[in-house]
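Chemist: Have a look; sequence and predicted model below, questions after that.
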Amino acid sequence: MARGRLLFWLWADIARLDTDATETAGGYDDDFRETTLSDTDDDGLGDQSGRVEMATISVKAQLETDRQELQKMTGTGDVTETELGIVVHMKDIEELGYVEANGDLKIRKADRLVRIRNKMGATRMDFSRVPIYATHVQRLNAWLGHDSNLALITFGNRPRGRA
């Protein structure tokens, strides 16, 4: 049975959070399941994360433009809550080894979207200045007796903890 494919794909570069290394470095709160901030300049505000990331991975992805359209429709287009969605094909993710034995994706909440590149590798969107993190990861299109073909990953500008 054919599993389909992405039609208008780009490359998404994602830096996965290494929770074990982050916890060892003292930058992970296991109770709240999120990275912690430390005050490095003694101003009373947490400003540096003890976040440790794994090597960046590249996956084929299709942009979900409905969230970008919402930002364009606001008065100034300047929305403080940046949100971007990408759709990935499960077959591509499986071939790269980013699916657990139980079917869960290895791309999870709190992973960081580094950049979006075109098919030739040129950067189209870079998120190094204002980082965005996975806030929602969901497999799509599953029906009775069949595995899902797609997964939706939503990124926002506030790091969330892992589920």
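Modeler: Perfect, thanks for sending it.

Chemist: So the residue of the chain positioned farthest from its centre, which state does it fall into?
Modeler: The outermost residue of the chain relative to its centre, with distances by CA atoms, centre = their mean, is residue 42 at 31.2 Å. When classified by DSSP: H, G, I helix; E, B strand; the rest coil, residue 42 comes out as coil.

Chemist: try residue 13
Modeler: Look at residue 13: counting by three-state DSSP, its state is strand.

Chemist: Please enumerate the helices of this protein.
Modeler: Assigned helices in the chain, in chain order: 19-24, 66-73, 90-96 (criterion: DSSP state H).

Chemist: where among those helices is the average confidence lowest?
Modeler: When the helices of the chain are compared on mean pLDDT, helix 66-73 scores lowest, with a mean of 56.

Chemist: so where's the longest strand in the chain?
Modeler: The longest strand of the chain (DSSP state E) is strand 53-64.

Chemist: Give the pairing partners of that strand; include direction for each.
Modeler: strand 10-17 (antiparallel), strand 83-89 (antiparallel) (DSSP bridges).

Chemist: Looking at those, which is nearest to residue 37?
Modeler: With CB to CB as the measure, strand 10-17 is the member of those nearest residue 37 (14.6 Å). C-betas here are computed from N, CA, C, even on glycine.

Chemist: List the contacts of residue 112.
Modeler: 14-15, 17, 53, 127, 131-134, 159 (CB atoms under 8 Å, 6 or more residues apart in numbering).

Chemist: Please consider this matter closed, and thank you.
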